[in-house]
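Enquirer: how would this look folded up:
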Amino acid sequence: MENPTTTETSLAQVREQRAAALRLRHAQALAALMEERADLRGVHALADHFDEAVRWSA
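Expert: Predicted coordinates for the structure are as follows:
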């Protein structure tokens with residue numbers, strides 16, 4: 001029988017990997033949207049913040 005702590009650790013790792021993949025997908029989608037739709041800049045401050053953060057990190 002597998003150690004419950006090991007199972008919990010592996011589940012936590014899988015959750016963290018999925019969360020990281022989701023954050024990356026959202027950042028990529030936001031960057032693509034802001035690139036395609038320049039008219040959206042200035043509409044939502046949080047979207048502008050992340051758009052600039054992605055552009056500065058490139």
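
Enquirer: grab the most central residue of the protein for me.
Expert: residue 23 (1.5 Å; CA atoms, centre = their mean).

Enquirer: please name every helix or strand in contact with the one helix or strand that one maps to.
Expert: Following DSSP states H and E, one finds residue 23 within helix 4-36. In this structure, helix 4-36 makes packing contacts with helix 45-57, judged by 3 or more CB pairs under 8 Å, 6 or more residues apart in numbering; DSSP states H and E. No exception for glycine: its C-beta is placed from N, CA and C like everyone else's.

Enquirer: how about the contacts made by residue 46?
Expert: Under the criterion of CB atoms under 8 Å, 6 or more residues apart in numbering, residue 46 has no neighbours.

Enquirer: against residue 16, how distant is it?
Expert: Per CB to CB, to the nearest Å, residue 46 is found 23 Å from residue 16.

Enquirer: quick one on the thing from earlier: need the pLDDT of the residue nearest to the centre of the chain.
Expert: On pLDDT, residue 23 comes in at 91.
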